[in-house]
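# need coordinates for the below:
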Amino acid sequence: MDGLTKILESESIILVDGSIEGTYSAPDEKNFVWEIYDVKNYGQINKNLIEKKISEIESFAEILSCPNVYTLEEVVKEIKNFEEILNNKIKFLNDKMRLISSIVPSLHERTKEKIKMINKEPKELLKKLQEEVYKMRRLSESKEIHKFPEFRDITDAEYSSLLNMTKLISYEIKLKRDTAFLIGLHETDKSKESDTDERLVATLYRLSSLEKSSCLLSEDMDFKRLLGVVTRLICSNSFLPYNEEFREKLIKNQFKLYIKSIKEKRYKLGIQSSEIKYCEEFQIGGVTTKRSEEIKQKIDGMWKRMHAEKLQVNAIMRQYL
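Below you'll find the predicted structure:
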């Protein structure tokens, strides 16, 4: 039994992000979107690249089809964006083919047939990719976790607070890396343009606090930094007793991170919350003492509000028991 099969059969709640279907490339590979962006006609298409992408998407769909696998609305939005880029590229290539046919009607029939044959296979491959992406997007929409009754509380006020804590720390110490920026594919760092990673982290936290153990499958190493650093900091002793119940639930209802090794092509356990050691004192490195204290006070205020709201809800519930 391989690692992935074991995970799918043993974990009760599994979250997936866009990285497992290959939308995001490894640091040493050229991003797929940029690869097709440069294509000016069907003959320039890298057929091996398209076949690889189709295989990745089919594998992703197979995973997402499992009854215990879910994703987030923000992940679906990223898939939609990928779908739109692909659709626009196909429209561009088809329009260009029609334009060439209209302005060079005098081409010899044998030449026309040769051009048609050169374009046929890559065109069919790109069409198949378009169909697979469409099916993947529809499947992903049906697996958004907040749509399931058993997870109706997943995006409540507590989730929002946990998300705000995560984003505050993530953005301050740059726990996410824009790989395309680092290898020069674009000129600006876009790591803060999306908060999908932070939302996945907050969802894992919220599932634990709802007495549900869960895990995340990803190929994105950012999650190892996010879940490791953020958890140690927000669970710091500095916020006791207000974060005490949350800390206990991370041990009792642990979350896990499974990261796919690029070299070995298999998923391995990267983090499990029951083994994370919390910071004695909240302190962020790489920033001034004043800034670290400001962030500490903001997070302290969030924990206190969450604690007060729970006490209020419990008091109301006791009136009806």
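# show me where this structure has strands.
With DSSP state E as the criterion, the chain has strands at 14-16, 69-70, 214-218, 255-260, 267-272.
# counting contacts, what elements does the second one pack onto?
Looking back up the chat, that one is strand 69-70. The elements that strand 69-70 packs onto, with contact taken as 3 or more C-beta pairs under 8 Å, 6 or more residues apart in numbering; DSSP states H and E, are strand 14-16. Where you see a C-beta, it was placed from the backbone N, CA and C, and this is true even at glycine.
# tell me the strands beside the strand it packs on, with direction?
strand 69-70 (parallel), strand 214-218 (parallel) (DSSP bridges).
# redo those strands as a markdown table? Include mean pLDDT.
Supplementary listing: those in a markdown table, determined by pLDDT from 0 to 100:
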| stretch | mean pLDDT |
| --- | --- |
| strand 69-70 | 98 |
| strand 214-218 | 96 |
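# out of these, which one sits most buried?
Highest mean neighbour count of these: strand 214-218, a mean of 25 (counted as mean count of other C-beta atoms under 10 Å).
# and that one with strand 255-260, angle?
Computed by axes from the mean of the first three to the mean of the last three C-alpha atoms, to 10 degrees, the angle separating strand 214-218 from strand 255-260 equals 20 degrees.
# CA atoms only: put strand 214-218 into PDB for me.
These are the backbone C-alpha positions of strand 214-218, laid out as PDB (Å, rounded to 0.1, in the frame of the first residue of the first chain):
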ATOM      1  CA  SER A 214      -8.100  16.400  10.100                       C
ATOM      2  CA  CYS A 215      -5.200  16.500   7.700                       C
ATOM      3  CA  LEU A 216      -3.900  18.500   4.700                       C
ATOM      4  CA  LEU A 217      -2.400  17.100   1.500                       C
ATOM      5  CA  SER A 218       0.000  19.500  -0.200                       C
END
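# need the contact partners of it.
4, 7, 11-17, 19-20, 63, 200, 203-204, 207-208, 223, 255-260, 267 (C-beta atoms under 8 Å, 6 or more residues apart in numbering).
# show the buried residues in those.
4, 7, 11, 13-17, 19-20, 63, 200, 203-204, 207-208, 223, 255-260, 267 (16 or more other C-beta atoms under 10 Å).
# one step back: export the strands paired with strand 14-16 to TSV and tack on distance to residue 56?
Converted to TSV, those look like this (distance: least, C-beta to C-beta, whole Å):
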stretch	distance to residue 56
strand 69-70	16
strand 214-218	14
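# residue 277 is nearest to which of those?
When the strands paired with strand 14-16 are compared by C-beta to C-beta, strand 214-218 sits nearest residue 277, at 19.9 Å.
# any stretches of the stretch 151-300 of the chain with poor pLDDT?
Residues of the stretch 151-300 of the chain meeting the criterion pLDDT under 70: 177-192.
# need the mean per-residue confidence for stretch 13-32.
Within the predicted structure, the mean pLDDT of stretch 13-32 is 64.
# what's the span of that stretch, first residue to last?
30 Å (C-alpha to C-alpha, to the nearest Å).
# contact partners for residue 210?
153, 154, 253.
# what residues are up against the second one?
Right, the one you point to is residue 154. For residue 154, the contact set (C-beta under 8 Å, 6+ apart) comprises 145, 146, 203, 206, 207, 210.
# go on, residue 83?
Residue 83 neighbours (C-beta under 8 Å, 6+ apart): 130, 133, 134, 137.
# in helices, which of those residues fall?
Judged by DSSP state H, the subset of the contacts of residue 83 located in helices is 130, 133, 134, 137.
# once you drop chain neighbours, what's closest to the third one?
Same thing as residue 134. In this structure, residue 134 finds its nearest non-sequential neighbour in residue 83, 6.6 Å apart by C-beta to C-beta, 6 or more residues apart in numbering.
# ranges for the helices of the stretch 1-150 of the chain?
3-10, 32-37, 47-64, 73-103, 109-142 (DSSP state H, counting those that start in this stretch).
# for residue 160, which of these is the nearest?
Of the helices of the stretch 1-150 of the chain, the one closest to residue 160 (C-beta to C-beta) turns out to be helix 73-103, at 14.2 Å.
# now the closest one: average pLDDT?
87.
# can you pull the buried residues of that helix?
So for helix 73-103, counting by 16+ other C-beta under 10 Å, buried means 74, 75, 76, 78, 79, 82, 86, 89, 90, 93, 97.
# residue 273 against residue 256, yeah?
Yes. Between residue 273 and residue 256 there is a contact under C-beta atoms under 8 Å: 7.5 Å.
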